[in-house]
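A structural model of the following input is requested.
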Amino acid sequence: TDQINASIIIHTAYHLASSSIRVCTVKMWKVMRCSQRVVCAGRKHIPSTACSHIRLASTIRNRDLLVIDDRVQQAISDGRPVVALESTILSHGMPYPQNLQTAVEVERIVEANGATPATICIDQGKIVIGATQAQLENLATSKAVVKTSRRDLSHVLARKQTGATTVASTMICANMAGISVFATGGLGGVHREGEVTLDISADLTELSRTPVAVVCSGVKSILDIGRTLEVLETNGVYVATLDQTMFPAFYCAQSEFQSPYTTTEDEFADTLATQKQLDLSSGLVLAVPVPQDIIDGQDEFARDVSNAIQQGLEEAKLQSISGKAVTPFLLDYVRKSTEGKSLAVNIGLIKNNAAVAARVARKYSQTMLQTRRNFSSSPARAVTAENAAVAVVGGSTVDLTMKLHTNQLQLASTNAGTLSFATGGVARNVAEACARVMGPNGVLSFITAVGNDVYGSHVTDQLAQLNVIVMNKNSNASLGTATYNPWLLSDGTLHAAAGDMRVLDSLHEGLKEQTDVMDTLRAASIICIDSNVTSDLLDNVIATSAHSQLVVVEPTSIEKSTKLANSASLWFPRHPETQCAVLLTPDRYEMHHILHLLNEKHRLATPLKRIIEAVPSPDDLNASQTLDIVHLLQGEFPHVRWLVKLGSDGAVAAKDDSPFLSTLKAQMTNYSHFPADQLDTITSVTGAGDSLVGAYVACIASFKSASESIQVGLKAAALSLQTERPVSEKLSFLNECYPT
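Modelled structure (predicted):
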């Protein structure tokens, strides 16, 4: 809609704000529900979708010089962890092909540790944040690449040359893009005999004025480590060493100099977050000792490196090599003198630093998210799981979706298609949709079970960015995160799917006698649960929920909806006078299955039975019949409410202008058919129904009427139908058009 498009434009405008101005509040423009009119709605804390780390991305002026990879930009906008990587390592730090192989492997390591890599370089007059494979190959092989530090940036950009960024220029560019963590091999510093030559790396000056954390293996061994530490201290740069008291010496785990501070990864991330809050303009250094398993015979190797450096310095004097040419010359001299051993160590420590940086970025991202939560919450409404208005219980999965290139599946043969990765699971999707529609001030708890693996970390980190408090209750540490593999035809329709959901069976055990979970469920106005959980857990949640609560049950699939049909606590509560209200949200196929099972088991009333038996196939269940059925079901099960999803036909749901939660105890509910907007193209149906339910729950939790809530839910479904992701990120903009 025009309202949603206008909201997207406004959110984009946030990212064009100045990178040189740190802000805690901005004029927050809201799209008001009137004909294409935008009015100022006052000052408001920046939502997480508009600001990743309180500092906004860049000015219109420097935005013209920035080319940010879409994946990197989305991660920055969402506040997810991103790690900047320099490109001098490709052009001047290593020989080919080891340079290219290392760069690709380092990016993979960053991803494997839960962050998005962003290799930075200069290409055709633009600063590239997130280099492509072709750009990496050019940096690795071209002889025309300019080693680009702060002083060189304007020159290289103006002449549209190819430039490889040093530590200093990578910090500058990362800061422009809103990236706060940067991984490299070693810092530049004071060169040996620097007291005579005054040869001091621009890296040290940059650390004194650019607020980016540099994760490295200390200062390059070819430099004067002691004097470098003195300069950093003079410039007020925080320097800490990971898990040891002595400062590392690049190739060697320890130098003769004591580190100013000793820290852990989490402590360093918290220090970085605190420094951002203090608005200090200086950077930070985390020195990571080279792992012992990378070097055989470390003492002997240290002596060999020291001798090679001395000889290399003498050779550099003889050849009149100076300035920025000294470092690559000495590194190459040491590599040859150690017969390649120094190169292997260099590659090993860079990979290790990348892994550390990714974990630091993850913790920093989580800390900044919590800071924003606390900032935007009043003292009377502290952000904790116990006072969340909505609690979602159920499955989290990783969706590995195969979309075929045709509408015909060839059995017993290889089918051409495109594989995509996304987080999924019905309850997880509902939680994300609900959180996005609630907006930055909404608080929601999600109780699930994920494995202690990269997939599990991705699930929890992604939801944490949306103010979702994730409570992982996996009682079996040997089980990994659940996986779901749908096969879609080229038009986006689901052909078949397979999944490994064993970890979800551990959720019931993980919730037993858990005080924090019980407190969370008791405090929630709405509990939403999917049928991925065990029958016992489903029955227990329904049976123990309070009279004043609403339990929303998502059937999940035809097979799993059998649990609902067999649930005595759902249909025939022991204490009807204290039974909570239940809202079932099946699609037409699940509805048809549940009704036929109920009819077989409990012999429903004749008028209802007659309609059910007149619809032998779920494809024949139309909106009119569904409407008749839900009205008749009220007489059989007065405590059960219905929201029936009919795909392109829309939905059958309650129609009332009063807040939905205020009508739960009414004896009769008025239902209506709400048609869906017809879309020209559908990208994927996966997650559309979950988006509808999540948006609906977000609205009724904020005391919207049933009629308005279903309209927002249908718009959410339409947005998700037009994206590869189960839940469209554009659902966040629904909060601007329909504030909760």
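
so what's residue 239 up against?
By Cβ atoms under 8 Å, 6 or more residues apart in numbering, the contact set of residue 239 is 229, 232, 233, 247, 259, 260, 261, 284, 285, 287. Quick note: C-beta positions are derived from backbone N, CA and C, even for glycine.

Tell me the bridge partners for it.
According to DSSP bridges, the partner residues bridging residue 239 are residue 285.

okay, it: pLDDT?
Per-residue confidence (pLDDT) for residue 239: 96.

now swap in the one 3 residues further on and tell me
According to the predicted model, the pLDDT of residue 242 comes to 95.

just the contacts of residue 239 now: which is nearest residue 671?
Closest to residue 671 out of these is residue 284 (58.9 Å), distances taken as Cβ to Cβ.

thought that closest one was touching residue 271?
Yes: Residue 284 is within contact range of residue 271, at 6.8 Å (criterion: Cβ atoms under 8 Å).

Could you list the low-pLDDT ranges of the stretch 601-740 of the chain?
665-667, 736-740 (pLDDT under 70).

do that again at 80, thanks
By pLDDT under 80, the low-scoring segments of the stretch 601-740 of the chain are 601-606, 658-668, 735-740.

ok, which stretches of the stretch 201-350 of the chain are strands?
Remark: strands assigned in the stretch 201-350 of the chain by DSSP state E, counting those that start in this stretch are 213-216, 238-242, 261-263, 284-287.

so which of the ones you listed gets nearest residue 392?
Once these are compared by Cβ to Cβ, strand 213-216 is nearest, at 34.1 Å.

Now do that closest one: everything it contacts.
The contact list for strand 213-216 (Cβ under 8 Å, 6+ apart) reads 167, 171, 180-187, 207, 268, 272, 283-288, 353, 356-357, 360, 364.

ok, back up a step: overlap in contacts, residue 284 and residue 271.
238, 240.

now the residue nearest the centre of the chain: how far from residue 542?
Nearest to the geometric centre of the chain sits residue 462, at 3.2 Å (Cα atoms, centre = their mean). Residue 462 is 29 Å from residue 542, where distance means Cβ to Cβ, to the nearest Å.

Including neighbour count and distance to residue 73, could the contacts of residue 239 go into JSON lines?
Compiled in JSON lines, those are given as follows (neighbours: other Cβ atoms under 10 Å; distance: Cβ to Cβ, whole Å):
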{"residue": "229", "neighbour count": "24", "distance to residue 73": "36"}
{"residue": "232", "neighbour count": "24", "distance to residue 73": "32"}
{"residue": "233", "neighbour count": "12", "distance to residue 73": "36"}
{"residue": "247", "neighbour count": "24", "distance to residue 73": "36"}
{"residue": "259", "neighbour count": "22", "distance to residue 73": "36"}
{"residue": "260", "neighbour count": "16", "distance to residue 73": "35"}
{"residue": "261", "neighbour count": "16", "distance to residue 73": "34"}
{"residue": "284", "neighbour count": "21", "distance to residue 73": "24"}
{"residue": "285", "neighbour count": "26", "distance to residue 73": "27"}
{"residue": "287", "neighbour count": "29", "distance to residue 73": "30"}
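
quick one: which of these is nearest to residue 633?
For these, the nearest to residue 633 is residue 284 (61.6 Å; Cβ to Cβ).

Just the CA coordinates for stretch 187-194, please, in CSV.
What follows is stretch 187-194 as a C-alpha-only set of coordinates in CSV (Å, rounded to 0.1, in the frame of the first residue of the first chain):
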residue,chain,number,x,y,z
LEU,A,187,48.3,-3.5,14.0
GLY,A,188,50.7,-1.1,12.5
GLY,A,189,52.7,0.9,15.0
VAL,A,190,56.0,2.6,15.7
HIS,A,191,58.7,1.3,13.5
ARG,A,192,62.0,0.2,14.9
GLU,A,193,64.3,3.3,15.2
GLY,A,194,61.1,5.3,15.0
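
one step back: which one of the strands of the stretch 201-350 of the chain lies closest to residue 564?
strand 213-216 (50.0 Å).

Direction included, what does that closest one pair up with?
Strand 213-216 is paired, per DSSP bridges, with strand 181-183 (parallel), strand 284-287 (parallel).

Would you mind giving those strands as JSON lines with distance to residue 485 and mean pLDDT added?
Shown next, in JSON lines, are the strands paired with strand 213-216 (distance: least, Cβ to Cβ, whole Å; pLDDT from 0 to 100):
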{"stretch": "strand 181-183", "distance to residue 485": "33", "mean pLDDT": "97"}
{"stretch": "strand 284-287", "distance to residue 485": "39", "mean pLDDT": "97"}
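
Nearest to residue 502 among those would be which one?
The closest of the strands paired with strand 213-216 to residue 502 is strand 181-183. By Cβ to Cβ, the value is 35.1 Å.

before we move on, the earlier item: filter the contacts of strand 213-216 down to just the ones in helices.
The helices, defined by DSSP state H, take in 167, 171, 207, 268, 272, 353, 356, 357, 360, 364 from the contacts of strand 213-216.
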